[in-house]
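Engineer: okay, sequence plus prediction incoming.
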Amino acid sequence: MRARYSGDIPTSPGSPMSFLLSAPIRFFDEDQLEEFAEFFSDRVRRDKTLSGALVLLIGNRWAHAETAFTCLMKSTLLAEGGTPVDINWLAKLARTLSPEHIEQLSDIFVDCAFQLFPVNVAADFVELSSELAISLQALVNAQGLEQQRRLLRLRDELKAGALMSSL
């Protein structure tokens, strides 16, 4: 005879399930996000297909770009929110990068995640890469007023850390 589930969830202090069940479980910390940002930055800098566009976009401000990228990941993956997002830089990104550049950046991002983290952790990074690539490609492919709307929406989502609101 199988045991029946009584429906009671132990929530008293010290019980094995005294944590909030609806909270996301993360298996990485801020230091690992900073390490990931540095690793990703190094890989991107060495990629020949991206070098021309990234020189125009970032120039010699790689340390600043890595810091901003780390803040974006903390905001999104650790649900901290409040990341400052420069809308002018996003507009420059839309003018500078092609859909192929974005796809290449996404591929490098995913590859770095699988090199640094176990599969269960890398999955969060794959999700972020996918959502960011979709949003950036939609921004790059849009024109006129539609591009302006997408630019504002993306800025607000990134600023709020809500790009991956399903996580």
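Structural biologist: Yes, it's here.
Engineer: use CA for all of it now, contacts and neighbours both
Structural biologist: Will do.
Engineer: helices of the chain, start to end?
Structural biologist: Using DSSP state H, the helices of the chain run over 30-46, 51-57, 62-77, 87-96, 99-116, 119-141, 144-160.
Engineer: give the other helices and strands that the third one contacts.
Structural biologist: Helices and strands touching helix 62-77, by 3 or more Cα pairs under 8 Å, 6 or more residues apart in numbering; DSSP states H and E, are helix 30-46, helix 144-160.
Engineer: any idea how far the most centrally placed residue in the chain is from D47?
Structural biologist: Against the mean C-alpha coordinate of the chain, by Cα atoms, centre = their mean, the closest residue is L128 at 4.1 Å. Separation of L128 from D47 (Cα to Cα, to the nearest Å): 21 Å.
Engineer: quick one: pLDDT of M1?
Structural biologist: With respect to pLDDT, M1 has a value of 44.
Engineer: Q148 now?
Structural biologist: As predicted, Q148 sits at a pLDDT of 95.
Engineer: tally of neighbours for it?
Structural biologist: Look at Q148: counted by other Cα atoms under 10 Å, it has 14 neighbours.
Engineer: check A138 too.
Structural biologist: As a burial measure, A138 scores 17 neighbours (other Cα under 10 Å).
Engineer: residues contacting it?
Structural biologist: For A138, the contact set (Cα atoms under 8 Å, 6 or more residues apart in numbering) comprises R150.
Engineer: hang on, L90 packs against R153?
Structural biologist: No: using Cα atoms under 8 Å as the test, L90 is too far from R153 to be in contact (11.2 Å).
Engineer: the more surrounded of the two?
Structural biologist: Per other Cα under 10 Å, whichever of L90 and R153 has more neighbours is L90, with 18 against 15.
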